[in-house]
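Undergrad: test case, fold it:
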Amino acid sequence: MVKAAPLANLSTAFLSLSPPLDTAATTRSSSNALPPISESSSSPQKPQQQSHADLVSAMTENGTLLHPVLERHVGTDFNVGEVTSSAAPSAVPSAAASVSGDTSNDDDDDDHNPENADDNNSASEAVPKIVACGKGGALYLPAIFSKVIELSGTDAPNIVYIGTASFDADKNYLRHSEEFASRGGCEVRRLDVSEPHTVPPTEEMRRLVVDWADVLVCSGGNTLHALLRWKETGLDLLMKEAAQNGTVLCGGSAGAGCWFNSMHSDSLRPDNVKHPSRVKAVLDEDELEDWDYVKISGLGIVPGPDFMAVPHFDRTGTNGMERSEHAEQVLVETEGEVPGALGIDNNAAIVIEGDMAMVVSGDGEATCHVVIADEETGETSTAPLVPQEELVPFEELVDLVKPATADHLETLEEHVATDFGIAEDLLEPALSNTNANAEDAPASADQEEQVSNVKIVAAGRMKALQMPAVFEKVIELSGKDQPKIVYIGTASFDRTDKFNVCTKAFRELECEIERLDVSESDTVPSMEEMRRLVVDWADVLLCSGGNTLHGLLRWKETGLDLLMKEAAEQGTVLCGGSAGAGCWFNSIHSDSLRPDNVKNAECVKNELDDEDLIDWDFVKISGLGIIPAMCVPHFETTGTNEVARSEHAEQVLVDSEDNDPAIGIDENAALVVDGDMAMVVSGDGEATCHVVIADEETGETITEPIEPDGEMVLLEELMDVQS
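TA: Here you go, the predicted structure:
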């Protein structure tokens, strides 16, 4: 193995701090500028032994292959340890943990003032902050670039460009600096450590990397070469220190994978050198294609699972092998040593803030992928991740390839006939009063006292609850400007990305939100804690969409259904979309048996073919029984089985033995119930609800849309269709 020269023996001739481009932002104030460099720090020292960098310089200048030297370092450990924060990041509460709706920080005016360093980098800040792209150019796609600026906490962050992986090539530096200067008005400095004579002294690197930079941008290129140079110069430890202070770490390809515990790398590719044209001029095509990917160590700064990063996941190397396929092979061969891989398409990025993460697509199509291998069978599973609008727990994100653990999911079809009705009596007083009034009979004193407190907002889909017209009805029914919300995401398997969608409007209103997770047995709080949340504390119960049958089964198993009934009796608002709407009815027209209506939906979609994905049927299942009708959410849509919801619902009514009508709810509409009164609200001005009844004798059905006129009418009147 080539022995690395100690830092003290490396040449310290200073070539790293190039002036900002003419296109850069206006000069910063003296308090924000990089302190001047003392003359004494620039006197060179002669290296006493040949380092990896000396060999790189000589070999690349002469056109000699680099990879015979690098191959000896494939097993080198470059891990500097995780960068962690004792405080939770800004985002999502766990089961039964509250969150304030205001997670912003508006005090950005003095971000670069050294006197405020303790405030800016306090324990309340989530670290590390990383934007890892599939390729270097993806960093400047607007959706991804905006995340770098956002994480920096300032409109024009100080940028340090580290081009070690690309051998400090000027053209790469110019491209990156021009992008930051033109898009963000940023000042960009470069730090060259690829060769010994350009390495500044440690104190100058610290001043640049730790004290001055808001963002470290690392180039793509030869990852193994870069990691070796950073280790030899001590730059790796300075990067860790910067990350601990909240500096954003970003880059593409090598500049993405370096932050992970390990990386899938093409560092041994013959032309992955400083002067690739010289190598290509010497080697023939067969020789250029004769190389293998390798798994190498990274810096290990990314927290959470020790996943292997796989940049260029959607690309094929010059060796003719797809990155994705070889990454799967690596996982199988490591026999559990690496728990999984995170593949990053060229035009996508994984954004990490503390222990939270999100996928960002730069072009609307590219994404990230989770790959895991079964230790026993050797088979791999891959789940392409849906890009998110908000952060979710990183461990949860990479765990989406795994199915939920509830036993009933294996035999869900056997539970279609289960009776979940526990609340049929909640509307009986109101409806009996309605019948008495309809018959012109005087109401007794007992009947006058029997007023239902039931309040429900049932939307056609989850996102409809974010529409002002629908959302405002929830707030109005609660009787408070900022109601206390208990979010119940059982039907969506307690996925945080669904929590983000369902609660967005409530968080923007700065409502206090508690999250109650009961999808998995190990997250279920005690009955006393659930009662405190659902019955004693909540003003609103907000239920997600998803797999209705799974949700109802878990509520029945945990006793949560009875607590919901108790909350409804005292006037707590019940609301939700899709499954979170239908659960309040006598029955619901459901897609619970859809193959991809599961926790690991992305993985199932990736593994099943189109025929398997469309081979399923809608089913009618029991609901909690508050509203005496069958709910048909997504009424105007067609399922992935190519069957129209409305048409199938009509057939269900004809085949049904009960006389309940159906209420179809368009995706952007909602049915609002307040005691014995009801109304339809349109979220977009066009969507509405529909009443469907079947004639027992003829088998014909009648469907009538309900006018969303903004007026409350008797619920029975609203459901009455004249044949």
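
Undergrad: CA atoms for contacts and neighbours, from now on please.
TA: OK.

Undergrad: residues contacting the nearest residue to Glu379 once chain neighbours are set aside?
TA: Nearest non-adjacent residue to Glu379, counting by Cα to Cα, 6 or more residues apart in numbering: Ala373, 5.6 Å away. Residues counted as contacts of Ala373 (Cα atoms under 8 Å, 6 or more residues apart in numbering) are Glu328, Leu331, Val332, Gly336, Pro339, Gly340, Glu379, Thr380, Ser381.

Undergrad: select from the residues you listed the one having the most neighbours.
TA: When neighbours are counted as other Cα atoms under 10 Å, the busiest of the contacts of Ala373 turns out to be Gly340, with 27 neighbours.

Undergrad: residue contacts, it?
TA: Listed by Cα under 8 Å, 6+ apart, the contact partners of Gly340 are Asp306, Phe307, Met308, Leu331, Val370, Val371, Ile372, Ala373.

Undergrad: quick revisit: mind checking which of the contacts of Ala373 land in strands?
TA: With strands identified by DSSP state E, the entries of those that belong to them are Thr380, Ser381.

Undergrad: any chance of CSV for the contacts of Ala373, columns distance to Arg461 and pLDDT?
TA: As requested, these are exported to CSV (distance: Cα to Cα, whole Å; pLDDT from 0 to 100):
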residue, distance to Arg461, pLDDT
Glu328, 37, 93
Leu331, 39, 92
Val332, 40, 89
Gly336, 40, 76
Pro339, 36, 88
Gly340, 34, 92
Glu379, 36, 86
Thr380, 33, 89
Ser381, 30, 88
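
Undergrad: quick one: which of the contacts of Ala373 is nearest Asn668?
TA: Ser381 (35.2 Å; Cα to Cα).

Undergrad: dump the residue contacts of that closest one.
TA: Taking Cα under 8 Å, 6+ apart as the contact definition, Ser381 lies against Val371, Ile372, Ala373, Val401, Cys603, Glu607.

Undergrad: got it, and Val673?
TA: By Cα under 8 Å, 6+ apart, the contact list for Val673 reads Val454, Lys455, Ile456, Val457, Met679, Leu715.

Undergrad: the second one touches Met677, doesn't it?
TA: No: counting by Cα atoms under 8 Å, no contact exists between Lys455 and Met677, whose distance comes to 9.6 Å.

Undergrad: with just CA atoms, put stretch 602-618 into PDB.
TA: The C-alpha trace of stretch 602-618 is given here as PDB (Å, rounded to 0.1, in the frame of the first residue of the first chain):
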ATOM      1  CA  GLU A 602     -43.700   2.000  -4.300                       C
ATOM      2  CA  CYS A 603     -42.000  -1.400  -4.000                       C
ATOM      3  CA  VAL A 604     -45.100  -3.300  -5.000                       C
ATOM      4  CA  LYS A 605     -45.700  -1.100  -8.100                       C
ATOM      5  CA  ASN A 606     -42.100  -1.700  -9.100                       C
ATOM      6  CA  GLU A 607     -42.200  -5.500  -8.800                       C
ATOM      7  CA  LEU A 608     -45.700  -6.300 -10.200                       C
ATOM      8  CA  ASP A 609     -46.500  -6.100 -13.900                       C
ATOM      9  CA  ASP A 610     -49.400  -4.100 -15.200                       C
ATOM     10  CA  GLU A 611     -51.700  -7.000 -15.400                       C
ATOM     11  CA  ASP A 612     -51.200  -7.900 -11.700                       C
ATOM     12  CA  LEU A 613     -51.700  -4.300 -10.700                       C
ATOM     13  CA  ILE A 614     -55.100  -4.000 -12.400                       C
ATOM     14  CA  ASP A 615     -56.400  -7.400 -11.300                       C
ATOM     15  CA  TRP A 616     -58.600  -6.400  -8.300                       C
ATOM     16  CA  ASP A 617     -62.200  -5.500  -7.400                       C
ATOM     17  CA  PHE A 618     -63.800  -2.800  -5.400                       C
END
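
Undergrad: quick one: mean pLDDT over that stretch.
TA: When pLDDT is averaged along stretch 602-618, the result is 93.

Undergrad: for that stretch, give me every contacting residue.
TA: Around stretch 602-618, the neighbours that count as contacts under Cα under 8 Å, 6+ apart are 381-386, 400-401, 589-596, 640-642, 648.

Undergrad: which of these fall in strands?
TA: Using DSSP E to define strands, the subset of the contacts of stretch 602-618 located there is Ser381, Thr382, Ala383, Pro384, His589, Ser590.

Undergrad: would you turn the residues you listed into JSON lines with distance to Phe313?
TA: Output for these, formatted as JSON lines (distance: Cα to Cα, whole Å):
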{"residue": "Ser381", "distance to Phe313": "15"}
{"residue": "Thr382", "distance to Phe313": "12"}
{"residue": "Ala383", "distance to Phe313": "13"}
{"residue": "Pro384", "distance to Phe313": "11"}
{"residue": "His589", "distance to Phe313": "40"}
{"residue": "Ser590", "distance to Phe313": "36"}
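
Undergrad: now Val80: closest residue in space that isn't a chain neighbour?
TA: Distances taken as Cα to Cα, 6+ apart place Leu299 nearest to Val80, at 5.4 Å, with adjacent residues excluded.

Undergrad: scan this protein for its longest helix.
TA: Counting residues, the longest helix found in the chain (DSSP state H) is helix 170-184.

Undergrad: adjacent strands (with direction) for the helix or strand that that one is followed by?
TA: If you walk from helix 170-184 toward the C-terminus, the next helix or strand you reach (DSSP states H and E) is strand 188-191. Based on DSSP bridges, the strands next to strand 188-191 in the sheet, each with its direction, are strand 159-162 (parallel).

Undergrad: hmm, back to that, nearest to Thr548 among the contacts of Ser381?
TA: Thr548 lies nearest to Cys603 out of these, by Cα to Cα, at 20.2 Å.

Undergrad: Lys455 and Met677: which is more packed in?
TA: Neighbours of Lys455 and Met677, each counted by other Cα under 10 Å, are more numerous for Lys455; the result is 25 against 21.

Undergrad: and the more buried one, what does it touch?
TA: Here Lys455 is in contact with Leu477, Ala568, Gly571, Thr572, Val573, Leu574, Val672, Val673, Asp674, Gly675 (criterion: Cα under 8 Å, 6+ apart).

Undergrad: please redo it, this time with the cut-off set to 6 Å
TA: Contacts were defined as Cα atoms under 6 Å, 6 or more residues apart in numbering; by that measure Lys455 touches Val573, Val673, Asp674.

Undergrad: cool, and Ser253?
TA: Contacts here follow Cα under 6 Å, 6+ apart; on that basis Ser253 touches Gly134, Lys135, Gly220, Pro311.

Undergrad: in a markdown table: these, plus secondary structure and distance to Asp720.
TA: Written out in a markdown table, the entries for the contacts of Ser253 read as follows (DSSP: H, G, I helix; E, B strand; the rest coil; distance: Cα to Cα, whole Å):
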| residue | secondary structure | distance to Asp720 |
| --- | --- | --- |
| Gly134 | coil | 57 |
| Lys135 | coil | 60 |
| Gly220 | coil | 67 |
| Pro311 | strand | 59 |
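
Undergrad: circling back to that earlier point, strands - which of the contacts of Val673 land there?
TA: Assignment to strands by DSSP E places the following of the contacts of Val673 there: Lys455, Ile456, Val457, Met679.

Undergrad: quick check: the nearest residue to the last one once chain neighbours are set aside vs His264, distance?
TA: In space, and not counting its chain neighbours, Met679 is closest to Met712: 4.9 Å by Cα to Cα, 6+ apart. Using Cα to Cα, to the nearest Å, Met712 is found at 61 Å from His264.

Undergrad: the stretch 451-600 of the chain: helices as residue ranges?
TA: Secondary structure of the stretch 451-600 of the chain (DSSP state H, counting those that start in this stretch): helices at 468-478, 496-508, 527-531, 548-558, 560-569, 579-582.
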